[in-house]
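The amino acid sequence is not available; the structure is as follows:
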């Protein structure tokens, strides 16, 4: 199964941009890159996903390296409510079935 | 309206008991999942159903038996509960199985086996 590597934790000041990196050097050509986040005592929540091109939505931006071996989730202005564990996930296919392989994620701490 | 709802939210039970966790989604999705998050916070897929058919079974002990009476429901029944079953169980759903599909998670069911 394709794996992702993320820093265990990061800190950011409120109102500042945050860049959360993810390495996925074993990504295959058909793997989508998904980002989810999990707030305390809640289920994971979708943030963004992409395949090859950079993506933007109301929550964040996703920058994907040209070789697709790494990506960066960008929160443009961190708020206290963005404090969560952020998971970078490859939507992997195994024998025709798709499943998410969650890693350990990055715990983002936002400082007021 | 809650998109993926699961009950109960909290469950404390003794070893050896049998318990069920129910899950319902009102998103009209075809695919549903059960994930387990252990004390170290690792999220691992347990089962996936598509149109009521089992498509993923991740070497889960056969004490765990999912049941999907219809596309909107995926219940998890656990027999002979063990201490190691204590975890948070998340139900989820997606429109389909494709790699670009977004998965929507429920809020979790905290199971404690004593």
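Great, that's in hand. Computed from a prediction, not measured in an experiment: that's the story for all the values here.

Next to chain A, which bits of chain B? Give me the list.
B:4, B:41-45, B:48, B:55-56, B:58, B:90, B:92, B:97-108 (Cβ under 8 Å from any Cβ of the partner chain). For the C-beta atoms, the positions are set from N, CA and C on the backbone; glycine is no exception.

Now the buried members of those residues.
B:4, B:43-45, B:48, B:55-56, B:90, B:92, B:97, B:99, B:101, B:103-108 (16 or more other Cβ atoms under 10 Å in any protein chain shown).

who touches the helix or strand of chain B with the lowest mean pLDDT?
The helix or strand of chain B with the lowest confidence, counting by mean pLDDT, DSSP states H and E, is strand B:53-57 at a mean of 83. With Cβ atoms under 8 Å, 6 or more residues apart in numbering or on different chains as the test, strand B:53-57 has contacts from A:97, A:99, B:31, B:33, B:45-49, B:66, B:68, B:97.

I'd like these as JSON lines, with secondary structure appended.
Shown next, in JSON lines, are the contacts of strand B:53-57 (DSSP: H, G, I helix; E, B strand; the rest coil):
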{"residue": "A:97", "secondary structure": "strand"}
{"residue": "A:99", "secondary structure": "strand"}
{"residue": "B:31", "secondary structure": "strand"}
{"residue": "B:33", "secondary structure": "strand"}
{"residue": "B:45", "secondary structure": "strand"}
{"residue": "B:46", "secondary structure": "strand"}
{"residue": "B:47", "secondary structure": "strand"}
{"residue": "B:48", "secondary structure": "strand"}
{"residue": "B:49", "secondary structure": "strand"}
{"residue": "B:66", "secondary structure": "strand"}
{"residue": "B:68", "secondary structure": "strand"}
{"residue": "B:97", "secondary structure": "coil"}
